[in-house]
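Q: Structural data only, the sequence is not supplied:
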């Protein structure tokens, strides 16, 4: 399994707006693509005082599935225009990690 990790940052005033945009527009748009091997997306949120960090962690079966989602330059961040209007800044590139272990309790 591959985890695709990306970070975006908003002002505190835009944090709830951005989270709602992810929930109602961005995530459903990704799911609607019906990408083979796409398994999950997680949203993490962290208050940093003057900004709020959002981290997305997407799960794919393989790197080929990531390429099917984002194209040959698969590290390029997926940031729709609507999200760019609300974000203060974001990572231009996503990172990709091989899952070596998962332990459930």
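A: Looks like it came in fine. Being a predicted model, the structure only gives us computed values, none of them experimental.
Q: so what's residue 43 bridging to?
A: Residue 43 has these beta-bridge partners by DSSP bridges: residue 56.
Q: mind listing the strands for this structure?
A: 2-10, 38-47, 52-60, 89-90, 95-98 (DSSP state E).
Q: pLDDT weak spots in this protein?
A: Nowhere does the chain drop to pLDDT under 70.
Q: quick one: contacts for residue 46?
A: Listed by C-beta atoms under 8 Å, 6 or more residues apart in numbering, the contact partners of residue 46 are 52, 53, 54, 55. No exception for glycine: its C-beta is placed from N, CA and C like everyone else's.
Q: Which single one of those is nearest to residue 26?
A: Checking these against residue 26 by C-beta to C-beta gives residue 54 as the nearest, at 10.6 Å.
Q: Can you tell me how far residue 22 is from residue 62?
A: 25 Å (C-beta to C-beta, to the nearest Å).
Q: higher neighbour count, those two?
A: Higher neighbour count among residue 22 and residue 62: residue 22, with 22 against 12, using other C-beta atoms under 10 Å.
Q: follow-up on the earlier one: any chance of TSV for the strands of the chain, columns distance to residue 67?
A: Listed next are the strands of the chain as TSV, based on distance: least, C-beta to C-beta, whole Å:
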stretch	distance to residue 67
strand 2-10	10
strand 38-47	12
strand 52-60	9
strand 89-90	21
strand 95-98	10
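Q: closest one to residue 30 among these?
A: strand 38-47 (6.7 Å).
Q: Give the buried residues for that closest one.
A: Within strand 38-47, the residues that count as buried by 16 or more other C-beta atoms under 10 Å are residue 38.
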